[in-house]
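Visitor: structure, please.
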Amino acid sequence: MKIISTLCAMLLSLLSTIAFAAAPAWKIEPAASNIKFTATQNGSPVSGEFKSFTGDINFDPSDLATSHVSIDVDLGSVSTSYGEVADTLKTPDWFNVKVFPKAVFKADHFTKTGDKTYTADGTLTIRDKSQSVTLTFTLQDYSKTKALANGSTTIKRTAFGVGQGDWAKTDAVKDEVKIDFTVSAIAK
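Guide: Residues are numbered from 1 along each chain as shown. Down below sits the predicted model:
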């Protein structure tokens, strides 16, 4: 009987250590965060942003092994300086927001590349097509209560089926799309 109680005590101790070792959870501050993109159409930049996104973030720069992130982007919240471009991006040829309402980025592999710089290796899913993506980011601020990061990546839109039919060609709308983000978060 004593052996069983000792084993239970050891198991509880181990479980509490594992739970304690997990990276802290963060809540995104929407008003101070953004996801922007820049594409090229007919040789000119076309910029926009996604006004609505949520995420589950567990991140600690001193414990990258237990850090992970999952960001859900509402594709219907796309906004550009030209309203008709945003409306077009919601159509079946582009994001097809009625069928594929969100994009999802998930990462659980982080690498420190400099004093405050990191990469996040993960998977981006748009239109039910998933591709490996590496984000580079700088941790501008990090404390027990607040974190601020900004970064970027470049993707190929055609790898996700964004731009169907005549738009699948990359002569008018280039394949590369740059994504820039700022995430401000507070501790949960």
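
Visitor: alpha carbons only for contacts and neighbour counts from here, please
Guide: Fine.

Visitor: what's near enough to touch K144?
Guide: A187 (CA atoms under 8 Å, 6 or more residues apart in numbering).

Visitor: can you give me the helices for the protein?
Guide: With DSSP state H, the ranges of helices along the chain come out as 2-21, 83-89.

Visitor: worst mean pLDDT among those?
Guide: Note on the helices of the chain: lowest mean pLDDT is at helix 2-21, with a mean of 47.

Visitor: burial of the closest residue in space to P24 that isn't next to it in sequence, as a residue count?
Guide: Leaving aside its sequence neighbours, P24 sits nearest to N58 (CA to CA, 6 or more residues apart in numbering; 5.2 Å). Using other CA atoms under 10 Å, the number of residues around N58 comes to 20.

Visitor: flag every buried residue along the lengthiest strand in the chain.
Guide: When the chain is parsed with DSSP state E, its longest strand is strand 129-142. Applying a neighbour-count criterion of 16 or more other CA atoms under 10 Å, one finds 130, 133-139 buried in strand 129-142.

Visitor: now render the residues you listed as TSV, adding distance to K116 and pLDDT.
Guide: Compiled in TSV, these are given as follows (distance: CA to CA, whole Å; pLDDT from 0 to 100):
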residue	distance to K116	pLDDT
S130	29	98
V133	20	98
T134	17	98
L135	14	98
T136	11	98
F137	8	98
T138	6	98
L139	5	98
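
Visitor: one step back: only alpha carbons, please: show the longest strand of the chain as CSV.
Guide: Listed next in CSV are the C-alpha coordinates belonging to strand 129-142 (Å, rounded to 0.1, in the frame of the first residue of the first chain):
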residue,chain,number,x,y,z
LYS,A,129,-4.4,23.4,-49.0
SER,A,130,-1.6,23.2,-46.5
GLN,A,131,2.0,24.3,-47.1
SER,A,132,5.1,24.6,-44.8
VAL,A,133,5.8,28.2,-44.0
THR,A,134,8.6,29.8,-42.0
LEU,A,135,7.9,33.2,-40.3
THR,A,136,10.7,35.4,-39.2
PHE,A,137,9.9,37.7,-36.3
THR,A,138,11.4,40.0,-33.7
LEU,A,139,10.3,40.0,-30.1
GLN,A,140,10.2,43.7,-29.5
ASP,A,141,8.9,43.4,-25.9
TYR,A,142,8.5,40.5,-23.6
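
Visitor: contacting residues around the residue nearest to T134 when sequence neighbours are not counted?
Guide: Among residues not flanking T134 along the chain, D121 sits closest, at 4.5 Å (CA to CA, 6+ apart). Shown in contact with D121 (CA under 8 Å, 6+ apart): 107-110, 132-135.

Visitor: what do you get for A39?
Guide: Contacts of A39 by CA under 8 Å, 6+ apart are 45-47, 173-174, 176-178.

Visitor: the residues you listed, buried ones only, as a ChimeraX selection?
Guide: Entered in ChimeraX, the line below selects the buried ones among the contacts of A39, by 16+ other CA under 10 Å:
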select :46,47,173,174,177,178
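
Visitor: quick one: which of the contacts of A39 is nearest T145?
Guide: Nearest to T145 among those is K178, at 30.2 Å by CA to CA.
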